[in-house]
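# next one to model:
(chains A and B, ligands or ions: 1)
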Amino acid sequence: MKILYSWLMDFVGAELEAEDAIRKLQKIGFKVEEAKKTGASFKGVVTGRILKIDRHPNADRLSLVEVDTGKNVFKVVCGAGNIAVGQKVPFAAEGAVLTTGMLKKAKIRGVESAGMICSGQELGVEEKSDGIMTLPEDTPLGIDALDLFPKQDWLMEFEILPNQAYCLSHMALAREICSFYGLPFKKPSPAFPDGACADFPINIEKPMSCPRYTGIALRNLRFAPTPQWMVDRLRFMGINPKNNILIDVSNYVLFELGQPTHCFDLDLLKGPAINVRSAGKGERIKTLDGEDLELSEKFLVIADTERPVALAGVIGGVETAVSESTKNILIESAYFNPLNIRKTSKETGIKTESSYRFERGTDPEITAAAGLRIVELIKQSVPQARIEAVIDNYPLKYRPAVIEVEPMKIKTILGADISDNDMLKSLRAVDLQEEPSEPWKLTVPSFRHDIENIWDVAEETGRFIGYDVIPAETGMKLMRVSPEPFFEISLKLKTELAGCGFSEVYNYDFVSNKDLKNCMLDEKTCIDVLNPVSSDYRYMRPSLMSGLLKALRYNLNRGQESVFIFEIGKIYLKENGSYSEEAFCAGVAHGVFPAEHFWRQGLNEEADFYHVKGIVMRIFETVGDLKFASGGNGFFAPEFCAEIADENSRIGRLGKIKDSIVSANDIKAKDVWYFEIPLKALIKDSHPGLSAGGGKVKPVSVFPRIWRDLSVVVGMEHKWLDVQKAVQGVHPVRNPPCPKGTAAAPPMAGLISNGAYLEKAELIDLYRGKNIPEGMKSLTIRLTFSSMERTLTDAEVDGYISNILDKLAGKFSARLRT
Amino acid sequence: MTPSEWRDKLFQIKDAFLKDIGGVSPENLDALEIRYLGRKGELSILLRELKDFPIEERKSLGQDGNSIKTEMESLLAGKKSSLSPIKTQAASGGKTGIDVTLPGYPFLKGSIHPISFTVNKLAEVFMRLGFTIADGPHIEDDYHNFEALNIPQCHPSRDAQDTFYLAMKDSQANNLLLRTHTSPVQIRTMMKHKPPLRIISPGRVFRRDALDASHSFVFHQIEGFYVDRNVGMADLKWTMEAFIKELFGSDTRLRFRPSYFPFVEPGAEVDMTCVFCRGRGNRSAAVPNEKCPVCKGSGWLEMLGAGVIHPNVLKACSMDPVQWSGFAFGAGIERFAMLLFEIRDMRIFYENDLRILKQL
Ligand SMILES: [Zn+2]
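As a prediction, this is how the structure comes out:
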């Protein structure tokens, strides 16, 4: 909302500097978005006439000019190109104050200059000037040039918060300053005219929708232009004045008092009469802004005896509009129910200064005063205007709300120890009249419909004493902080993944149809946004893949060769009419580990399946036991993908994204690796977001370990995991199977005792090729044995190993590599 | 194995080693080292077998073993320096010593997104003040996002909240939308738990804003609230001061201005002294006329919206506003991140440029 300082001061009965007013308003919660000086503020500039122009002896571009100010003739040096003899100009003599500062006597290229002829820019009345300012022919000589321009003023732009709707005018804002700072408020009280007793029919169909309608019939008018001061003020409000007082005055009063009004041409009103009613089905109205609307019962209209003449509180009709030939008018100043106006405005899409105020609630008690203010202003331009009738139809009288206030509660809400006296002062300041009783009973004024309860009252007190008076102190007790599993797990994953070289990215939760297609995702599983910002953001993302691929492309296109990124975010899915949102962690890896270029060639490697698996294992191992099995689905190259599972089910996947998807996403690179896993799967009830095994530590043996490397040759079809499991499944106390027919006495009996165990079975080499038959591979397994009780002997370990070999031979037809 | 067998084996290994090292080529040096001196190397295995001998034997055999090992190692080192110029002279030494200015081998370095970083930082501060983190859904209904927060259907503040609606309804046929603020978490938490409650909830929110340097239709907020008996503005002020000073330094000053949010009453806007000009308003003390680019000359930055929880919000969560009271606050996380990292354009957060992300 725009506020002009001088207009504001019309209602303040005390001196108040503009800067001070701004500061005061800010302090009580008004947001000043901009405050700028307007008008002229120079000093010591008079009007003069150019008598004579000579060339400067030392400079081609400069002239020597004689200026007559009526009393004196000054000789000055001037550089402007647009001077001419006889011109009237603003002249600044030594000592004048311009936007450039105080003017001093100066010698210019050897010639003394006794002052200067000013440009509009130097006077501060134009943004930018080209040459000096010339004044109208009939300007008298020697007068203060300040009188020729609008006075200095301040234009302020306020952001009015929804609860400040009672402050949508100059008068209301002035009232606010005055009451909070104890300044005298000049309340407008236009005189009620005598002898305006003629009747005029104003009928209100439903008082709920229009509790009050004040109509004033004003006769004996003629066209008069809007006075310049009003034009100036309206322009500052951002309004383009129509230069007809009958039209402009409504806008003026709106900005002045906050009460929207409307003037009908009385001679065009059928009846004449005013009916405030719901529109009939099929009725139409041509509005002032040129629309032809079909109406329905939903709309509240102002009608004459035949037809709607205005959309109540929103906009007038063109058929009864005032014009240059208008002789008589009916001034409407009403209070409408905010809900009705809101509905009409929303339904028609018409938003006006008027509907803006009505739908936020105006002051029902001000309608008559506003109507009379219109009359007062019109009379200034058309003195012979005569009031014929003032009809105040007020079927639903405003009944002030009464709020019971216990001072203690206000002190609690604010947390400040305010004396009862101060509190009362604060409440009187906002016009909340208090009745002497316990608890206090406060009467809410008609313009403060935002105050409903003690919390609202506390805010007024807070504004009055100032929030800076409230101490910053607390009696908060210690509270136990319990962990939030998703937050904890996310934090842990982010830290770990960053430690593995992955950078976290953030993508929007929205994707386009194309994004889905490019990743072979089905839009049928996606939730549509009804009102997306554009079709690029039409669906809620069903996967993090598309965003990650975009980020990959973005970085590859900017010269990165290796991109390791991840995102933790939500995906959204719909299925059978229900929806879900779920947090996922997903990542993309492409390029070289650990770095593209460094001086020891050969230590870096292209990322492959096992890099990504290694990272996934390292990150997710800490939150639980994960298993990897062949499989996955359509996103991945079939030979390079795996499903990630925990004890119960498949939870994630990892693999190489299909070339077709990569190229559909406009990514030039090959070998793009991807993994994803839902966070839910990582949260265990027993240890939410904590380390594997619930943070338990196993003891280690004090006796030496024994290790042996075992190279076995098995068929390619056997998976390492199966081999490992088989090895781990051999138990030391179990005797080797006895070949049929041999003595039952086991060769190692008695040597293998309890306490010996296989600590680890690690794969330390995988070999194919020379010396290994086609279709076979050699696995070198390092077996580490230990005991918690004693030092193991070679013999018992050898026995153990032969058990293992037998097991592998039986299960995988494995044989020792020779 | 007897001790003498062991000693024989030792010298066999030494002889073989001497034979091999004579004609070794540079590329086989490493393999040679591994074969004899590596963990699985012949000598290493032999030395490990010492442990099976009685203690006296072990001592004398061990001496022999170690002296031969030392001899082999020094032979190998000499061979290396003569054969492998790049590796040894540049890096491993020689007479001049190693070049300590060569870059160390790179280890992988990733990064955490600036928003995540900021969220963690804020959460950390609040957790120290006893606030517990709560999470809430992004897909919300009208009740939790608006109505229970004292923003009724016809309230003008709904105009300002440009909401994304989804083409779906929930099982009760409520319209679904993307939450426009983190405040629904207040409602969900208060409906589920009894006071005292001290909660923060950082998270993603959605508004139909155009993308520019300071707006995004996806952004992040942190919500906080405290409900107990006799909680008021003073507690809020204390908490905000503790929080902001912890984050931006103890010389930061705060200013509370009356403001409006439907779910608090009284409401306040919390400003802090500009982190860039420390509240002076100018770019530097040396150029007093040039406005500070961060606060645009005012010396203050708007950081949070806050207030005493509106009685209607407590009532919506079945809490008696006479018995219980609380404060709530909310802030944009991007704003904090932009100040902490001196980022001027919000779009950077979603561009995912590794050249920027890796700086963190
Ligand atoms: Zn600043």
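
# so what's residue 175 up against?
Went with chain A since none was named. A:11, A:185, A:187 (C-beta atoms under 8 Å, 6 or more residues apart in numbering or on different chains). Placement of C-beta: from N, CA and C, glycine included.

# if you could check chain B rather than the one you did, that'd help
B:141-142, B:165-166, B:169.

# then B:Tyr143?
B:Asn174.

# so which bits of the helix or strand containing it are buried?
Here B:Tyr143, judged by DSSP states H and E, is contained in helix B:142-145. For helix B:142-145, the neighbour count (16 or more other C-beta atoms under 10 Å in any protein chain shown) marks B:142, B:144-145 as buried.

# and for stretch A:179-186?
Buried, per 16+ other C-beta under 10 Å, within stretch A:179-186: A:179-181, A:183, A:185-186.

# quick one: whichever residue of the stretch 401-550 of chain A sits closest to the ion and chain B, what's the gap?
Going by C-beta to the ion, the ion is nearest to A:Asp468 of the stretch 401-550 of chain A, at 20.2 Å. According to C-beta to the nearest C-beta, to the nearest Å, A:Asp468 stands 7 Å off from chain B.

# give the helix, strand or coil label for that residue.
Three-state secondary structure (criterion: DSSP: H, G, I helix; E, B strand; the rest coil) places A:Asp468 in helix.

# surely it and B:Leu254 touch.
No. The criterion here is C-beta atoms under 8 Å, and A:Asp468 misses it with B:Leu254 at 9.3 Å.

# neighbour-wise, which of the two wins?
Each of A:Asp468 and B:Leu254 has its neighbours counted (other C-beta atoms under 10 Å in any protein chain shown); B:Leu254 has more, 20 against 13.

# got the contact list for the more buried one?
Going by C-beta under 8 Å, 6+ apart, B:Leu254 touches A:472, B:237, B:240-241, B:244, B:270-273.

# and what of A:Pro201?
A:271-274.

# residue 76: how many residues sit nearby?
In the absence of a named chain, chain A is used. Neighbour tally, A:Val76, other C-beta under 10 Å: 23.

# should've been chain B
Other residues lying near B:Leu76 total 17 when counted by other C-beta under 10 Å.

# what are the phi and psi angles of it?
Main-chain torsions, B:Leu76, degrees, to the nearest 10: phi -60, psi -40.

# not counting its neighbours along the chain, what's nearest it?
Distances taken as C-beta to C-beta, 6 or more residues apart in numbering or on different chains put B:Glu33 closest to B:Leu76, at 5.8 Å, once the chain neighbours are dropped.

# the one you found is in what secondary structure piece?
Using DSSP H and E, the element containing B:Glu33 is helix B:29-37.

# what of B:Glu269?
In this structure, B:Glu269 is located in strand B:264-273 according to DSSP H and E.

# show me what that strand is packed against.
Using 3 or more C-beta pairs under 8 Å, 6 or more residues apart in numbering or on different chains; DSSP states H and E, the elements in contact with strand B:264-273 are helix A:454-465, helix B:233-248, strand B:254-259, strand B:300-309, strand B:325-332.

# if we can go back for a sec, relative to the whole chain's centre, how far out is the helix holding B:Tyr143?
Distance of helix B:142-145 from its chain centroid, counting by C-alpha atoms, centre = their mean, to the nearest Å, is 31 Å.

# who touches whichever residue of the stretch 351-500 of chain A sits closest to chain B in this structure?
In the stretch 351-500 of chain A, the residue that lies nearest chain B is A:Gly415 (2.5 Å; C-beta to the nearest C-beta). By C-beta under 8 Å, 6+ apart, the residues touching A:Gly415 are A:470-471, A:473, B:232-237.

# for the residue nearest to A:Ala370 when sequence neighbours are not counted, give its distance to chain B.
Excluding the flanking residues, the one nearest A:Ala370 by C-beta to C-beta, 6+ apart is A:Gln259, at 3.7 Å. The spacing between A:Gln259 and chain B, counted by C-beta to the nearest C-beta, is 19 Å.

# what do you get for A:Arg538?
Counting by C-beta to the nearest C-beta, the gap from A:Arg538 to chain B is 10 Å.

# up against chain B, what does the stretch 101-250 of chain A have?
Within the stretch 101-250 of chain A, the positions near chain B by C-beta under 8 Å from any C-beta of the partner chain are A:161-165.
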